[in-house]
Structure formats: C-alpha cells, structure tokens
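Novice: Let me see the structure of the following:
(one chain, ligands or ions: 1)
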Amino acid sequence: MREPNCLSRVHRLMDVTVELHCDKCGSANLSLPVDGDEQATIECNDCGERHGTLAELRSELLACAMEHSAQALRSGLDRLP
Ligand SMILES: [Zn+2]
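Specialist: You can find the predicted model right below:
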C-alpha cells in the first residue's frame, strides 16, 4: 500500500534524525529555526529555496494526518456489513 506523499514527510519529521528534504534540490541541509520560532522561515542552505514557516509546516502536516485518519475511518466503515 502506497502512502500519500505528505505522510512520508510526517514520518521523516517524526524520525529521530528529523530529516526534511528540499523539494527543489533534494538536499537535507535545511536551516530550521533553533528556538522554535513559529514565524521563522525554513530555508535550504544549498539552493536557498524557501519552505514556508514552521507554523505553516506544522499545520500542513496536521491537516495531512487528519485527512489520513478520516480516510482510514471511511475504509473501515466500508468493510462493515
Ligand atoms: Zn535546496
């Protein structure tokens, strides 16, 4: 079973190494806000691509997780008689 792309990002984010990869160049060399500043922008150190703020990333991942839960619930309901 293939997972939605955003979920693989969730897994990467929750991985102990917390590896995010640049969508543009694939580099894992991203600058994350060190003090957890929600409005700080995440940027790629290699190509300079911006990846939004920490708050945006967080809400994107949360929305994805909730969508996935809803899908799992629906497919579970479909199996009921
Ligand atoms: Zn990059």
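Novice: Which residues of the protein lie near the ion?
Specialist: Within the chain, the positions near the ion by Cβ under 5 Å from the ion are Cys22, Lys24, Cys25, Ser27, Cys44, Asp46, Cys47, Glu49. C-beta here means a position set from N, CA and C on the backbone, and glycine is covered the same way.
Novice: count of neighbours near the last one?
Specialist: The number of residues packed near Glu49 is 15, by other Cβ atoms under 10 Å.
Novice: Name the nearest residue to it, sequence neighbours excluded.
Specialist: If you skip the residues right next to it in sequence, Glu49 has Lys24 as its closest partner in space, 4.2 Å away by Cβ to Cβ, 6 or more residues apart in numbering.
Novice: check contacts around the one you found.
Specialist: Counting by Cβ atoms under 8 Å, 6 or more residues apart in numbering, Lys24 touches Cys44, Cys47, Glu49.
Novice: Show me what the first one is bridged to.
Specialist: Using DSSP bridges, the beta-bridge partners of Cys44 come out as Leu30.
Novice: Quick check: it touching Cys22?
Specialist: Yes: here Cys44 reaches Cys22: they are 4.2 Å apart, a contact under Cβ atoms under 8 Å.
Novice: joint contacts of these two?
Specialist: Residues touching both Cys44 and Cys22 comprise Asn29, Leu30, His51, with contact defined as Cβ under 8 Å, 6+ apart.
Novice: Buried ones only from these, please, as a PyMOL command.
Specialist: Taking 16 or more other Cβ atoms under 10 Å as the burial criterion, the selection of buried members of the shared contacts of Cys44 and Cys22 in PyMOL is written as:
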select buried, resi 30+51
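Novice: Return the distance of stretch 45-57 from the chain's centre.
Specialist: 12 Å (Cα atoms, centre = their mean, to the nearest Å).
Novice: Check stretch 39-48 too.
Specialist: The mean C-alpha position of stretch 39-48 is separated from the chain mean by 15 Å, Cα atoms, centre = their mean.
Novice: Residues touching it, excluding its own?
Specialist: When contacts are defined by Cβ under 8 Å, 6+ apart, stretch 39-48 is touched by residues 20, 22, 24-25, 27, 29-33, 49-55, 57.
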